[in-house]
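Trainee: sequence first, predicted model second:
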Number of protein chains: 2
Amino acid sequence: MVKALRCLILGGDGYLGWPTAMYLSKRGHEVMVVDNYLHRQLAAECNAPALYSVPDLPERCKLWQATNGIEIRHAIGDVQDYDFLSTITREFLPDTIIHYAEQRSAPFSMKGYQEAKLTLINNLSTTFNLIWVVMRDAPNAHIIKLGTMGEYGTPNIDIEEGWIDIEHKGRKEHFLYPRQGSSLYHTTKIHDTDLLWFYVRMAGLRVTDLMQGPVYGLLTEEIGNNFDLLPFFDYDDIFGTVVNRFVVQAVAGIPLTVYGKGGQTRGFLNILDTLQSIGLVVENPAKPGEMRILNQFTEQFSITEIAKMVQEASASWGIKTEISHLENPRKELEEHYYNASREGLSKLGLKPNFLTKEVLQQMIAVVQKYKDKIDTRSIMPRVRWS
Amino acid sequence: MVKALRCLILGGDGYLGWPTAMYLSKRGHEVMVVDNYLHRQLAAECNAPALYSVPDLPERCKLWQATNGIEIRHAIGDVQDYDFLSTITREFLPDTIIHYAEQRSAPFSMKGYQEAKLTLINNLSTTFNLIWVVMRDAPNAHIIKLGTMGEYGTPNIDIEEGWIDIEHKGRKEHFLYPRQGSSLYHTTKIHDTDLLWFYVRMAGLRVTDLMQGPVYGLLTEEIGNNFDLLPFFDYDDIFGTVVNRFVVQAVAGIPLTVYGKGGQTRGFLNILDTLQSIGLVVENPAKPGEMRILNQFTEQFSITEIAKMVQEASASWGIKTEISHLENPRKELEEHYYNASREGLSKLGLKPNFLTKEVLQQMIAVVQKYKDKIDTRSIMPRVRWS
């Protein structure tokens, strides 16, 4: 057994926050989750229902304790409230703080002024408060920040892990890899990285910034057969990630909607590998003054490749699925070079769960249980990048 | 005469905002200034008095009209208030918007949580609102954003103008030059640049981002002998820029305070060249969809070199001045490579006013008129970077 650490999870009600809490709890760590239910509120306002409703945090923690006999503590509040975060931190004395408490949808951030402003201020303020609370109340705590592979955009050179050595006119320097995102959301994550890197240099913080690709899946070991412990599962145009959305479209019997040519290539990962990665990073923390940036994905696919894989897996369950190319609502390259490094997590010991037909078949099987609840009106793109 | 343009100046009460207003007005442009007096408020709260008090904006505009017979319009309000900025923009219909409305002091941003938060939120929110108001109310307006050479930090390779071509593993890409600032203030300016570049790509905005070095000087042609038209002149540790502070220290008969070894090298410019640069950029706007980044400085000096120049110019007026090396309150390299490009403004026609002995002698002569008002308690560094 690893040494038990005190892990504070900001955004612990979310798609990844809650599974992370269960995973770390099961590994013997002391876990506390914090959330202000912002995602629930925004999803409701956007008419973007999840596939099934999930209990609130107190209820989930109670269920977890009933099932496993282990406590996951919780606090409901906004990380933008400095005093709230500071009080919790001084009481819980975390070794590790995992920061998921951000508005995480690119389309939401492109909807209009209010949505963009909320994304900018929420994401910057939560990261800023976290930095200050750690500097003042928990200077040795390890910050694990969820970034995104989308910070890099789609450059014409290889994507390294956070840093790059540049030789220019006969001289050399080691730089943060230059980044440009394709939505305001992605831009706020670039801001976050710059903010963290500044305070790492000034205050010797210990930071791991995880550049994560789109995640898929919903079942984890900790859930077992207790489906009340399932995470949020969004499949709509605003909050749903692409593999999850395609699986729901297949089950609903509607075409898989590929935006534009579908040559957009990204690094993807199974929810199991998000948990595995977080566990490895929690148990192998960054050193004081270290800004460790790791690319968190396991495989690269184009959107068209994913659509075809979902189509095949559906066919094997007897579901016939069409692929439909929509006019791209986003401004992004639809054909481009993409080759990203992912050595850091491999070296820490990550054993990937790849996107096999079996994985998709299992996802389809679970989603089929909720087939009647699918609201097909929330799937077609409602936000344009102009 | 150039074509008259409608120029809206955000932060028009400041050290550079007000001289810019007079300069553009005299060149035949229609000018409107906007300010919420944030700088006056913060300077008062920090016990950082300017060398002399300056009239408020309505009074300055009245004086200008009385002296020159030309109107400079004004509005008092906060650019963080979207409706305020939008109303002004729809009424004034600017061709150009010059954005000085930011908290511009590095030491202020390093004072504590509240000061850092104010800097982050003010600077990001004003830039964000400006972008949205332009997208909605004035999509053809040219945004001129004051950035800072400090965004680049002190890299070991040449500093280019905003962009760099990187060759990596046999492939090439054109990137925003990688930046890392040495204060939270500088970091917010990096954020601004990323925000502007994102919306340039999305909405085809016309943006010029001016990476300006520390400015010195106070007399401009438009002021003539009417000293009521002088700009703010800060010389304290928080808001004073280094040349101005050294000149005041010399006049006050106290040692010039060099932080650390004094090998810190930066690109400097005369206030006259700020005005000249802004004029050139106003009259040669960026194209739609262009993010033009220009380095705005005319000469590179180390802090020690500047101290020696001020010492010599003072000696020529019969003032004996000592140079004193203080423990550096900042975290920064005190000896480093520094070679920055400044071709863009030269190509537009900038004719530099260099930092000669005569320029310093003139500054000393003007400051001597206010010798009795110098508050030497506000000069020694009160903010540490830790």
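Mentor: Nice, I can see it. Small disclaimer: the values here were computed from a predicted structure and weren't measured.
Trainee: just the strands in the stretch 51-200 of chain A please.
Mentor: With strands called from DSSP state E, counting those that start in this stretch, the stretch 51-200 of chain A shows them at A:72-76, A:96-99, A:142-148, A:163-168, A:171-176.
Trainee: then the first one to PDB, C-alphas only?
Mentor: Output for strand A:72-76, consisting of C-alpha atoms alone and laid out as PDB, is shown next (Å, rounded to 0.1, in the frame of the first residue of the first chain):
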ATOM      1  CA  ILE A  72     -15.100  11.000   1.500                       C
ATOM      2  CA  ARG A  73     -15.500  14.500   3.000                       C
ATOM      3  CA  HIS A  74     -17.300  17.200   1.100                       C
ATOM      4  CA  ALA A  75     -17.800  21.000   1.100                       C
ATOM      5  CA  ILE A  76     -20.200  22.900  -1.100                       C
END
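Trainee: list the strands paired with it, with their directions.
Mentor: Applying DSSP bridges, strand A:72-76 is found paired with strand A:30-35 (parallel).
Trainee: please identify the buried residues of the strand it pairs with?
Mentor: A:30-35 (16 or more other C-beta atoms under 10 Å in any protein chain shown). C-betas here are computed from N, CA, C, even on glycine.
Trainee: now do stretch A:248-264
Mentor: A:248-252, A:254-260, A:262, A:264.
Trainee: keep only those of the residues you listed that are in helices.
Mentor: A:248-252 (DSSP state H).
Trainee: ok, of the residues you listed, which one's closest to chain B?
Mentor: Ranked by distance to chain B (C-beta to the nearest C-beta), those are led by residue A:249 at 27.4 Å.
Trainee: tell me the contacts of the closest one?
Mentor: Residues in contact with residue A:249 (C-beta atoms under 8 Å, 6 or more residues apart in numbering or on different chains) are A:235, A:255-257, A:321, A:379.
Trainee: need these in JSON lines with pLDDT and distance to chain B, can you?
Mentor: Output for the contacts of residue A:249, formatted as JSON lines (pLDDT from 0 to 100; distance: C-beta to the nearest C-beta, whole Å):
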{"residue": "A:235", "pLDDT": "97", "distance to chain B": "26"}
{"residue": "A:255", "pLDDT": "97", "distance to chain B": "28"}
{"residue": "A:256", "pLDDT": "98", "distance to chain B": "26"}
{"residue": "A:257", "pLDDT": "97", "distance to chain B": "22"}
{"residue": "A:321", "pLDDT": "97", "distance to chain B": "33"}
{"residue": "A:379", "pLDDT": "96", "distance to chain B": "24"}
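Trainee: ok, back up a step: and the strands of the stretch 51-200 of chain A as TSV, adding mean pLDDT and mean neighbour count?
Mentor: Listed next are those as TSV, based on pLDDT from 0 to 100; neighbours: other C-beta atoms under 10 Å in any protein chain shown:
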stretch	mean pLDDT	mean neighbour count
strand A:72-76	98	19
strand A:96-99	98	26
strand A:142-148	98	26
strand A:163-168	98	16
strand A:171-176	98	15
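Trainee: show the contacting residues for the closest residue to residue A:16 other than its chain neighbours.
Mentor: Excluding the flanking residues, the one nearest residue A:16 by C-beta to C-beta, 6 or more residues apart in numbering or on different chains is residue A:274, at 5.6 Å. Residues in contact with residue A:274 (C-beta under 8 Å, 6+ apart) are A:16, A:19-20, A:212, A:215, A:296.
Trainee: what's the answer for residue A:35, then?
Mentor: So, once contact is read as C-beta under 8 Å, 6+ apart, residue A:35 ends up touching A:10-14, A:17, A:57, A:74, A:76, A:101.
Trainee: thinking again about what came up before, quick one: which of the contacts of residue A:274 is most hemmed in?
Mentor: residue A:20 (30 neighbours; other C-beta atoms under 10 Å in any protein chain shown).
Trainee: isn't that residue up against residue A:278?
Mentor: Yes. If you go by C-beta atoms under 8 Å, residue A:20 and residue A:278 touch, sitting 5.4 Å apart.
Trainee: find the residues that touch each one of the two.
Mentor: With C-beta under 8 Å, 6+ apart, residue A:20 and residue A:278 have common neighbours residue A:98.
Trainee: I'd guessed residue A:79 sits against residue A:34; true?
Mentor: Yes. Residue A:79 lies in contact with residue A:34 (C-beta under 8 Å); the separation is 6.7 Å.
Trainee: so what sits against both of those two?
Mentor: Common contacts of residue A:79 and residue A:34 (C-beta under 8 Å, 6+ apart): A:10-11, A:85, A:101.
Trainee: now do the SS call for the residue nearest to residue A:16.
Mentor: helix (DSSP: H, G, I helix; E, B strand; the rest coil).
Trainee: can you report how many residues lie near the closest residue in space to residue A:63 that isn't next to it in sequence?
Mentor: Of all residues not flanking residue A:63 in the chain, residue A:228 sits nearest, at 5.6 Å (C-beta to C-beta, 6+ apart). As a burial measure, residue A:228 scores 13 neighbours (other C-beta under 10 Å).
Trainee: what does stretch A:106-120 rub up against?
Mentor: Contacts of stretch A:106-120 (C-beta under 8 Å, 6+ apart): A:42, A:46, A:103, A:150, A:182-186, A:188, A:191, A:237-239, A:329-330, A:381-385, B:82, B:124-125, B:128, B:132, B:136, B:195.
Trainee: check the residues you listed for burial and list the buried ones.
Mentor: By 16+ other C-beta under 10 Å, the contacts of stretch A:106-120 give A:42, A:46, A:103, A:150, A:182-186, A:188, A:191, A:237-239, A:329-330, A:381-383, A:385, B:82, B:124-125, B:128, B:132, B:195 as buried.
Trainee: among the residues you listed, which ones are in helices?
Mentor: Per DSSP H, the buried ones among the contacts of stretch A:106-120 map to helices at A:42, A:184-186, A:188, A:191, B:82, B:124-125, B:128, B:132, B:195.
Trainee: hang on, the earlier thing: could you export the ones in helices among the buried residues of stretch A:248-264 as JSON lines, including pLDDT?
Mentor: Converted to JSON lines, those look like this (pLDDT from 0 to 100):
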{"residue": "A:248", "pLDDT": "98"}
{"residue": "A:249", "pLDDT": "98"}
{"residue": "A:250", "pLDDT": "98"}
{"residue": "A:251", "pLDDT": "98"}
{"residue": "A:252", "pLDDT": "97"}
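Trainee: for chain B, what are the nearby residues on the stretch 201-350 of chain A?
Mentor: Within the stretch 201-350 of chain A, the residues that sit near chain B (C-beta under 8 Å from any C-beta of the partner chain) are A:201-203, A:331, A:337.
Trainee: kindly write the PyMOL command that selects the buried subset of the residues you listed.
Mentor: Command for PyMOL, covering only those of those found buried under the criterion 16+ other C-beta under 10 Å:
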select buried, chain A and resi 201+202+203
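Trainee: thank you, goodbye.
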